[in-house]
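Q: Sequence first, then the predicted structure:
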Amino acid sequence: MAIDGRGKVAVVTGASSGIGRQTALALARAGFDVAVGARRKERLADLVDEIARETGKAAYAAALDVTSVPSIDAFVQGVIGHFGVVHVLVNNAGKALGRDPVETADEADWQEMLDTNVMGLMRMTKRFLPHIVASGDGHIVNLGSIAGHESYAGGSVYCATKFAVRAITEALRHELLGKPVRVTSIDPGMVETEFSLVRFHGDASEAAKVYQGVRPLTADDIADCIVFAVTRPAHVNIDEMIVTSIDQAGARVFHRRGAPS
Ligand code: NAP
């Protein structure tokens, strides 16, 4: 039977758009108190208002750059100072940058993906972990990807970061065995968010091509999976969920309507 989030605190990173935003909203609807972080703080104010309107809950929002140690430390201190406890951490902040082959890809893009998707996730987890363990009913949810199961041309480093997320998730499950902490990886296929706009450095026409002729998943579809995982009874660990649109059969395999077959 599902449990609800009443009396529990959930932290969502990268909550200014897409999956993170909708997850924070869905967790608040499920009864959790939520703390949200992202670099675009003005967008978080908007989310806090929406959560208050819909659920009557006062969410905690603060600027967070997961690539910056001082920013991470300030965010963690702020959340703990505000709520005193954390049960759930959703490590969602992440990105792909570029889709060029290794030979021509931008090394600054590689560094930013590694710093955000891998080091950011590790640092957030390390700092919140003592609080999550102490909560007595903790859960770490990492956003992986289908790209953490299958590599594709032009995705070497993004795929590497998501393979890393999978490895980290598995290692954590071993390390935390015997402690009251569940560890889950949610691994989506194509989801229509700002992801592609970010990947193509703001080129809206390149981003639009990604979703042409397919029905992609929405951020709400993934938020729903995350809420499902965290509202199972405390002894039920959803290890991993690979979730794709009906129009996707592999990391780069799509059925596109209107395209020659
Ligand atoms: P999105 O709409 O671009 O959202 C990404 C979020 O990450 C934003 O809120 C962004 O906020 C935040 N972020 C980026 N860099 C950050 C940093 N340095 N510090 C803190 N926050 C940062 O993309 P999305 O699709 O929701 O992506 C969410 C997660 O799902 C990512 O981990 C992504 O890899 C994964 N995923 C997405 C897809 C897809 O097709 N969309 C598929 C599989 C997995 P700010 O820019 O305001 O900081």
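A: Here it is on my side, so go on. All of these numbers come straight from a predicted model, not from anything done at the bench.
Q: What parts of the stretch 1-150 of the chain come near the ligand?
A: Counting by CB under 6 Å from any ligand atom, the stretch 1-150 of the chain comes close to the ligand at 13-20, 38-40, 64-67, 92-95, 116, 143, 145. Just so you know, the C-beta spots here come from the backbone N, C-alpha and C atoms, and that holds for glycine as well.
Q: filter those residues to the buried ones?
A: Among those, the ones that count as buried by 16 or more other CB atoms under 10 Å are 13-20, 38-39, 64-67, 92-95, 116, 143, 145.
Q: where exactly do the strands run in the protein?
A: For the chain, strands defined by DSSP state E occupy the ranges 9-13, 33-38, 60-63, 88-91, 138-143, 181-188, 191-192, 217-218, 240-243, 248-250, 253-254.
Q: And the residue lying closest to Val181 once chain neighbours are set aside, how far from Phe195?
A: Spatial nearest neighbour of Val181, chain neighbours left out: Gly138 (4.0 Å); criterion: CB to CB, 6 or more residues apart in numbering. Taking CB to CB, to the nearest Å as the measure, Gly138 and Phe195 are separated by 28 Å.
Q: returning to that earlier point: if we compare the strands of the chain, which one ends up closest to Ile168?
A: Ile168 lies closest to strand 138-143 among the strands of the chain, at 7.0 Å (CB to CB).
Q: what's next to that closest one, contact-wise?
A: Strand 138-143 is contacted by residues 19, 86-92, 94, 121, 125, 129, 132, 165, 168-169, 172, 179-186, 188, 226, 229-230 when judged by CB atoms under 8 Å, 6 or more residues apart in numbering.
Q: Now the buried members of these.
A: Those of the contacts of strand 138-143 that meet the buried threshold are 19, 86-92, 94, 121, 125, 129, 132, 165, 168-169, 172, 180-186, 188, 226, 229-230, by 16+ other CB under 10 Å.
Q: what ranges of the stretch 1-150 of the chain fall below the confidence cut-off?
A: Where the stretch 1-150 of the chain drops to pLDDT under 70, the residues are 1.
Q: For it, which segments are assigned as helices?
A: Assigned by DSSP state H, counting those that start in this stretch, the helices in the stretch 1-150 of the chain fall at 18-29, 41-55, 69-83, 107-113, 121-134.
Q: picking that back up, will you turn the strands of the chain into TSV that also has distance to Asp49?
A: Below are the strands of the chain laid out as TSV (distance: least, CB to CB, whole Å):
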stretch	distance to Asp49
strand 9-13	16
strand 33-38	12
strand 60-63	10
strand 88-91	20
strand 138-143	25
strand 181-188	26
strand 191-192	24
strand 217-218	21
strand 240-243	29
strand 248-250	34
strand 253-254	36
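Q: Of all those, which one comes closest to Val102?
A: Of these, nearest to Val102 by CB to CB is strand 248-250, at 20.8 Å.
Q: For the closest one, give me every contacting residue.
A: 146, 150, 189-190, 214, 254-255.
Q: what residue lies at the spatial centre of the chain?
A: Asn92 (1.9 Å; CA atoms, centre = their mean).
Q: residues contacting that residue?
A: Neighbours of Asn92 in contact, by CB under 8 Å, 6+ apart: 12-15, 19-20, 23, 143.
Q: Let me know the distance separating Asp73 from Arg123.
A: 9 Å.
Q: More neighbours: which of these two?
A: Arg123 (18 against 12; other CB atoms under 10 Å).
Q: what's the span of stretch 245-255 from first residue to last?
A: End-to-end distance for stretch 245-255: 10 Å, by CA to CA, to the nearest Å.
Q: Please point out which parts of that stretch sit buried.
A: 245, 247-248, 251, 254.
Q: Need the max-distance pair from the residues you listed.
A: Asp247 and Ala251 (13.4 Å).
Q: and the closest residue to Asp220 other than its chain neighbours, how many neighbours?
A: With sequence-adjacent residues excluded and distances taken as CB to CB, 6+ apart, Asp220 is closest to Gln22, at 5.1 Å. Counted with other CB under 10 Å, the neighbours of Gln22 add up to 24.
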